[in-house]
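A.B. asks: got a structure for you, letters missing:
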């Protein structure tokens, strides 16, 4: 199972786009994922706020600030298989 970690606030439009993109690609590819969303103030205060939201796939940083293209998500998911 692939672990997806999202850092940021769910109210953020870019965060939502990252979340939707990774869920759609995982479903399209038939890859089982475990989604971990980290949005607590204490956790986020340890990260530079200008680099949020952040998307990690199995501890590999895939995107910071701007949502990745579907091809980037697919490549990262396939590498972890």
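C.D. replies: Happy to help now that I have it. Source: prediction; values computed, not measured.

A.B. asks: alpha carbons only for contacts and neighbour counts from here, please
C.D. replies: Fine.

A.B. asks: And for residue 32, the neighbour number?
C.D. replies: 12 (other CA atoms under 10 Å).

A.B. asks: gap between it and residue 79?
C.D. replies: 14 Å (CA to CA, to the nearest Å).

A.B. asks: How about residue 68?
C.D. replies: Relative to residue 79, and taking CA to CA, residue 68 is found at 16 Å.

A.B. asks: Find me whatever residue is spatially closest to residue 56, sequence neighbours aside.
C.D. replies: Take residue 56 and drop its neighbours on the chain: the residue closest to it by CA to CA, 6 or more residues apart in numbering is residue 5, 5.0 Å away.

A.B. asks: In a strand, that neighbour, correct?
C.D. replies: Yes: Residue 5: assigned to a strand according to DSSP: H, G, I helix; E, B strand; the rest coil.

A.B. asks: Give me the pLDDT for it.
C.D. replies: Residue 5 is assigned 97 on the pLDDT scale.

A.B. asks: List the contacts of it.
C.D. replies: 35-38, 55-59 (CA atoms under 8 Å, 6 or more residues apart in numbering).

A.B. asks: what's the answer for residue 61, then?
C.D. replies: Here residue 61 is in contact with 54-55 (CA under 8 Å, 6+ apart).

A.B. asks: Am I right that it sits in a helix?
C.D. replies: No: counting by three-state DSSP, residue 61 is not found in a helix; it is strand.

A.B. asks: now it: how far from residue 44?
C.D. replies: 16 Å.

A.B. asks: One more: residue 70?
C.D. replies: In terms of CA to CA, residue 70 sits 25 Å off from residue 44.
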